[in-house]
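Visitor: One predicted model, sequence on top.
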Amino acid sequence: MPVRYCVLRAFFAASLSMLLVGCSQPELDWPGADGIQVPANHDLHEPSWSPDGRRIAVAADTAMGRPSGELVIVNLDDESSLRLDKGCPFQEPHWSPDGTMFLYVGCDDISVTAYPDLKLVATVPGAYADWSPDGARFVIYEYLTTAPQRPPAVYVADQYGNPMTVLFSNNRDESFAFGGLAWSRSADRITFSFGSVPRNSTAPLRRDIYVVGPDGTGLTVIGKTQADEFDPSWSPDGQWLVYISATEYSPVAVGTITFAKADGSCVVPALSSERLSGVDWSPNGDRLAVTYRNQLYIIDIATMFGEAFTHLDALCASPGSP
């Protein structure tokens, strides 16, 4: 099925105006966006909205991959924050379907933590994970394997972490890069970001967004462009994805918040800016959580992008769309 790229007349320019807050805090001047102060001295990325829509977990780490960072939970009711496990780089926070636990990658690799008691329940070495909608299974990306003959892979596992179905794997002769995963809460599909790079290559990172059923069928690549696409998130109805697509790297990366139909038939770029590092769709579908440098923003989709973005199917089917 050919991919339709909708070129929007109201497309935002890549260079957005910026304001300086205080002495050194950069802030983007976005209509329909509320900035949330996060007490972290590191770059933020991979925001994750709780199922009740009242909290956001966000990862924070230093630039250049230095092993320092923390996990921050922001309460949107009063903008209070809870900082966890300082001193480790964190990635991929995910809430359980009932909002009582979350997963994140830190010093102990994958950690499953109960919330709000913050009791460590279990750790899984060398892996990223997200829960199934019923909380009884996991989708896991295992990047460190105990069996030398088994390459890094994305697979569905039972509640104890035992592999059930391999969804995707790559050749050990290539270096690889992972960019996030998510299990749709309303449709039985899984998305993940992955890219393979030949060894000794100096080419920019190029990850693609994949969608697959939990039984391993229907593997689809969304777009398959030359951009680096990462941090996919599902719409509440499971029909659309939103992710970051980075296309420029000098002097800094320029990312585009991009919407895509889950079957790959329509891709809609929405807004471009330097240093976009993560995006997550709110549970009720009207907002996005976006990270930019060390700032967290809550974006109202209709105000920021226009009312057309609240009816994406109609937007893609509109006359004159390529």
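Guide: Structure's in. What do you need?

Visitor: Can you tell me the centre-most residue of this structure?
Guide: For the chain, Asp231 is the residue whose C-alpha lies nearest the centre (CA atoms, centre = their mean; 2.4 Å).

Visitor: Show the contacting residues for it.
Guide: 45-46, 179-180, 193, 243-244, 277-280 (CB atoms under 8 Å, 6 or more residues apart in numbering). In short, each C-beta sits where N, CA and C put it, glycine included.

Visitor: where does Gln226 land in three-state SS?
Guide: Secondary structure for Gln226, judged by DSSP: H, G, I helix; E, B strand; the rest coil, is coil.

Visitor: Repeat that for Pro51.
Guide: Classified using three-state DSSP, Pro51 is coil.

Visitor: And it, how far from Asp61?
Guide: Distance of Pro51 to Asp61, computed by CB to CB, to the nearest Å: 25 Å.

Visitor: Look at these two and report which has more neighbours.
Guide: More neighbours surround Asp61 than the other of Pro51 and Asp61, with 22 against 14 (other CB atoms under 10 Å).

Visitor: just checking, that one touches Glu46?
Guide: No - taking CB atoms under 8 Å as the definition, Asp61 is not a contact partner of Glu46, at 10.1 Å.

Visitor: Which neighbours do those two have in common?
Guide: Joint contacts of Asp61 and Glu46 (CB under 8 Å, 6+ apart) are Gln91.

Visitor: show me where the stretch 201-322 of the chain has strands.
Guide: Taking DSSP state E, counting those that start in this stretch as the test, the strands found in the stretch 201-322 of the chain are 208-212, 220-222, 228-234, 240-248, 254-261, 266-274, 276-281, 287-292, 295-300.

Visitor: Ranking helices and strands of this structure by mean pLDDT, which lands last?
Guide: Ranked by mean pLDDT, DSSP states H and E, the weakest helix or strand in the chain is strand 18-21, scoring a mean of 24.

Visitor: how many neighbours does Tyr160 have?
Guide: Tyr160 has 7 neighbours, counted by other CB under 10 Å.

Visitor: circling back to that earlier point, mean pLDDT and distance to Trp95 added to the strands of the stretch 201-322 of the chain, as a markdown table?
Guide: Converted to a markdown table, the strands of the stretch 201-322 of the chain look like this (pLDDT from 0 to 100; distance: least, CB to CB, whole Å):
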| stretch | mean pLDDT | distance to Trp95 |
| --- | --- | --- |
| strand 208-212 | 96 | 21 |
| strand 220-222 | 93 | 24 |
| strand 228-234 | 95 | 12 |
| strand 240-248 | 90 | 17 |
| strand 254-261 | 92 | 21 |
| strand 266-274 | 89 | 24 |
| strand 276-281 | 94 | 10 |
| strand 287-292 | 93 | 12 |
| strand 295-300 | 92 | 16 |
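
Visitor: where along this protein do the helices fall?
Guide: 301-305, 312-317 (DSSP state H).
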